[in-house]
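Enquirer: could you work out the structure for the sequence below:
(one chain, ligands or ions: 1)
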Amino acid sequence: MSPPPLTKLWQHPDIANTNIESFRRLANERHSLNLRDYHDIWKWSTESLNAFWMLAWEFTHVKASVHPTYAIAPSETARLTPTPMWFPEARLNFAQNFLETAYIQSGDINSTILTGLREGEGELEDVSLYQLRHRVGLLANALRRSGIQQLDRVACVSSNSINTLVVFLAVSALGATFTCCSPEMGENGILDRFLQVKPKILFADDWIVYNNQRIPCLEKAIRLASHLRQQAGLLQLVIIPRFDDEYSNSPTDQFDTLEAFLAGASKSILYEQLKFMHPLIIVYSSGTTGPPKCLVHTVGGVLMKQKVEQILCMDMNPSSVYFQYTTTSWIMYLYAVSGLLSGARSILYDGSPVKPTVHKFLKLLAHQRVTHFGTSAHYLSLLEEGKVTNKDVSEIDSLKVITSTGSVLTESQYHWVYNTFGPVQLSSMSGGTDIAGAFVGGAPNLPVYAGWCQARTLGMKVQIYSEEGEAIEDTGKAGELVCTAPFPSLPISFWGDEDNKRYKAAYFERFAGVWHQGDFIQMEPTTQGIQFLGRSDNVLNPSGIRFGSAEIYNVLSVFTNIEDSLCVGQRRTSDKDEQVLLFIKMKDGFKCDWQLRERIKSRIRHDLSSRHVPKYIFQTPEIPMTTNGKKTETVVRKIVSGQKITPSSTIINPECLTWYEQFAGLNSDFLDKLFSKL
Ligand SMILES: CC(=O)CC(=O)SCCNC(=O)CCNC(=O)[C@H](O)C(C)(C)COP(=O)(O)OP(=O)(O)OC[C@H]1O[C@@H](n2cnc3c(N)ncnc32)[C@H](O)[C@@H]1OP(=O)(O)O
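Expert: Residues are numbered from 1 along each chain as shown. Okay, the predicted model is just below:
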């Protein structure tokens with residue numbers, strides 16, 4: 001059968017004037033090459049690693065006190081683990097690149113480079129580069145006064161606000177390591193992360209603003225700090241006030257306010273000059289076993305990855321206005337703040353993007369003259385369900401690029417976006433926390449075809465492997481997303497992971513020495529576009545929020561009547577999104593009734609977050625197990641998603657799998673009925 005025809009939806013109206021075309025011409029000139037199009041640049045970028053990354057360094061104006069003469073030694077280009085040494089000679093600072101590149105690019109220290117917005121309130125504050133530098137300088141000096149040094153960890157439980165960015169930049173100016181959880185995350189979820197990395201100072205918001213509500217979180221911050229003081233050597237809690245409130249607790253007893261913490265500090269900034277691979281940030285990812293993994297990303301890795309993506313893949317420049325919707329827990333946070341690296345104005349938004357109404361939120365985009373809007377497939381589907389039409393977005397006439405991530409953007413959504421928003425570059429991108437960026441995303445000098453991500457990202461040697469580890473991308477067949485060459489934003493390690501055992505097991509065991517992402521994809525042989533078909537591992541991903549079942553099992557351990565449980569994602573065919581099903585096996589003589597289900601849900605909401613609550617909880621007679629005592633999530637995930645499977649001989653109780661078949665391909669209404677019977 002021949003493949004369905006491709007529908008071309010967009011092509012850049014002025015390719016010659018894009019950043020990527022300037023880069024192509026420079027590469028040809030500098031290296032006597034004949035790169036003709038995106039595919040040639042991509043091939044060169046993944047085969048001539050040293051030449052590509054050196055040119056990217058120059059083209060994106062990296063600020064450094066010591067510039068490198070090479071990016072990677074020839075002997076290091078063939079391995080991904082242990083992480084190869086990138087730009088070993090360079091000395092630089094992350095905050096300095098943020099605060100000075102914007103100036104180099106725009107030439108105006110007084111123009112606005114950051115805008116803070118909050119749900120329901122519109123514009124809160126505009127900040128110029130001059131003001132941002134002062135705020136970062138003050139905080140960096142206050143941190144230094146509190147004893148913070150290189151490699152100390154400083155944590156935030158705070159929203160996507162200008163204050164959070166100021167903490168991030170101040171910490172990185174000192175060469176300390178930043179880490180952050182979004183404030184809606186439950187206490188236990190935050191402690192599972194921060195108890196591992198042992199921050200010396202904790203900054204926390206006192207209020208959350210979400211869904212038309214103000215939710216207090218000062219008491220939560222105080223409790224978190226108390227645990228961290230006792231168990232992880234925390235020295236100080238600093239509260240970031242979100243409103244002009246009086247505090248009922250006395251600041252001196254339990255916390256400092258940001259104002260008190262800053263009092264008397266100097267504004268001048270000293271940027272520590274650091275190695276490229278100096279730790280910058282710790283981000284988290286959870287799996288099917290063990291505590292959350294603490295991925296350590298580097299100063300230079302994050303910087304180069306974001307610069308290449310924002311300047312070359314998204315064609316951003318000082319006239320751009322970038323608005324990436326995100327929380328501070330997602331890796332998209334790095335994108336949201338990195339607009340400054342191209343001299344663009346970044347908009348930091350705090351709250352729900354569907355409140356007070358979808359239409360009011362869209363008006364913000366128009367009012368702010370946004371040129372680059374980063375969102376998710378789930379959000380775009382909410383707009384579609386909300387019957388948003390091209391009339392509703394006609395005022396957003398500055399828009400040039402929409403990026404979508406989190407989950408699969410369906411072919412019909414591509415059509416909907418073009419019918420509604422008109423001619424924009426629609427980049428469906430995918431990568432992750434693991435690599436501080438994208439494997440697959442946008443290419444301004446390639447067309448957009450319905451249902452297909454445009455291209456593999458520059459510098460990322462993405463291939464598709466069959467079960468047997470054979471490269472099959474040119475055949476059009478589906479297989480595992482792997483990356484077979486090193487890139488600068490490889491994490492250096494998991495924090496506290498001796499001998500890198502967990503790190504290696506997470507990415508390099510499935511295919512020896514090759515990065516295995518856990519996504520099932522296929523490539524269109526003529527356009528080299530990529531389609532994501534779903535997760536190939538058991539990471540849960542409802543509405544684009546990724547987390548691991550281990551976090552759910554951990555919460556359930558307090559319920560003494562539960563013998564065991566199994567948590568899997570069920571893929572819906574209707575919108576290619578997934579819903580989380582939790583199967584509970586009760587101890588003899590106990591039943592999983594309504595009350596218990598509600599208690600489980602509320603405990604998960606409290607310990608982790610509302611976003612972790614499974615859609616359905618069912619009592620199961622038996623959980624399939626392997627001979628070495630592991631629950632077989634993969635098999636059940638496939639069965640409930642309607643796939644036919646042949647149980648492997650390692651499952652000790654394969655007969656119990658038939659019970660799970662009743663959930664296959666059932667729509668929500670049917671599940672609701674079934675659910676009410678159980
Ligand atoms: C390159 C890469 O590959 C990188 C990545 O993918 S990074 C991951 C990117 N992920 C995404 O972009 C996720 C996309 N999804 C979304 O942004 C959101 O689902 C959405 C904004 C589209 C819709 O949000 P929503 O309407 O709040 O729904 P949802 O997210 O399902 O929230 C679930 C619950 O959490 C609550 N919640 C969410 N955020 C909250 C917050 N900040 N404070 C308090 N409560 C919150 C909601 O109120 C809701 O609670 P109830 O169930 O009690 O009503």
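Enquirer: so what touches the lengthiest helix in the chain?
Expert: The longest helix of the chain (DSSP state H) is helix 129-145. Under the criterion Cβ atoms under 8 Å, 6 or more residues apart in numbering, residues 95, 99, 102-103, 106, 108-111, 113-114, 127, 154, 162, 166-167, 169-171, 173-174, 176, 201, 261-262, 265-270 lie in contact with helix 129-145. For glycine as for every other residue, the C-beta is placed from the backbone atoms N, C-alpha and C.
Enquirer: which of the residues in that helix are buried?
Expert: Of the residues in helix 129-145, 129, 131-144 count as buried by neighbour count, 16 or more other Cβ atoms under 10 Å.
Enquirer: name the nearest residue to residue 258, sequence neighbours excluded.
Expert: residue 240 (5.2 Å; Cβ to Cβ, 6 or more residues apart in numbering).
Enquirer: got a list of what that neighbour touches?
Expert: Taking Cβ under 8 Å, 6+ apart as the contact definition, residue 240 lies against 158, 161, 163, 164, 203, 204, 205, 206, 258.
Enquirer: narrow those residues to those in strands?
Expert: 203, 204, 205 (DSSP state E).
Enquirer: tell me the SS of residue 534?
Expert: On the three-state scheme (DSSP: H, G, I helix; E, B strand; the rest coil), residue 534 is labelled strand.
Enquirer: from the ligand, how far off is it?
Expert: From residue 534 across to the ligand, the span is 14 Å (Cβ to the nearest ligand atom, to the nearest Å).
Enquirer: most neighbours among the contacts of residue 240, which one?
Expert: Comparing these on neighbour count, residue 203 comes out first with 31 neighbours (neighbours: other Cβ atoms under 10 Å).
Enquirer: who does that residue bridge with?
Expert: For residue 203, the beta-bridge partners are residue 156, residue 238 (DSSP bridges).
Enquirer: dump the residue contacts of it.
Expert: Taking Cβ under 8 Å, 6+ apart as the criterion, residue 203 is in contact with 154, 155, 156, 157, 158, 163, 164, 167, 238, 239, 240, 258.
Enquirer: residue 38 now?
Expert: By Cβ under 8 Å, 6+ apart, the contact list for residue 38 reads 20, 443, 445, 446, 455.
Enquirer: how near is the second one to the ligand?
Expert: Right, residue 443. In this view, residue 443 and the ligand are 15 Å apart by Cβ to the nearest ligand atom.
Enquirer: doesn't residue 314 make contact with that residue?
Expert: No - under the criterion of Cβ atoms under 8 Å, residue 443 lies out of contact with residue 314, with a separation of 9.9 Å.
Enquirer: and the pLDDT for the residue of the chain most remote from its centre?
Expert: Counting by Cα atoms, centre = their mean, the extreme residue of the chain relative to its mean C-alpha position is residue 589, 43.3 Å from that point. Each residue has a pLDDT score; the one for residue 589 is 94.
Enquirer: now it: how far from the ligand?
Expert: Between residue 589 and the ligand the computed distance is 32 Å (Cβ to the nearest ligand atom).
Enquirer: so where does that residue fall, helix or strand?
Expert: In this assignment (DSSP states H and E), residue 589 forms part of neither any helix nor any strand.
Enquirer: contacting residues for it?
Expert: Residue 589 neighbours (Cβ under 8 Å, 6+ apart): none.
Enquirer: from residue 561, how far off is it?
Expert: 9 Å (Cβ to Cβ, to the nearest Å).
Enquirer: most neighbours of all the contacts of residue 38, which one?
Expert: residue 443 (29 neighbours).
Enquirer: how many residues are close by residue 490?
Expert: Around residue 490 there are 24 residues (other Cβ under 10 Å).
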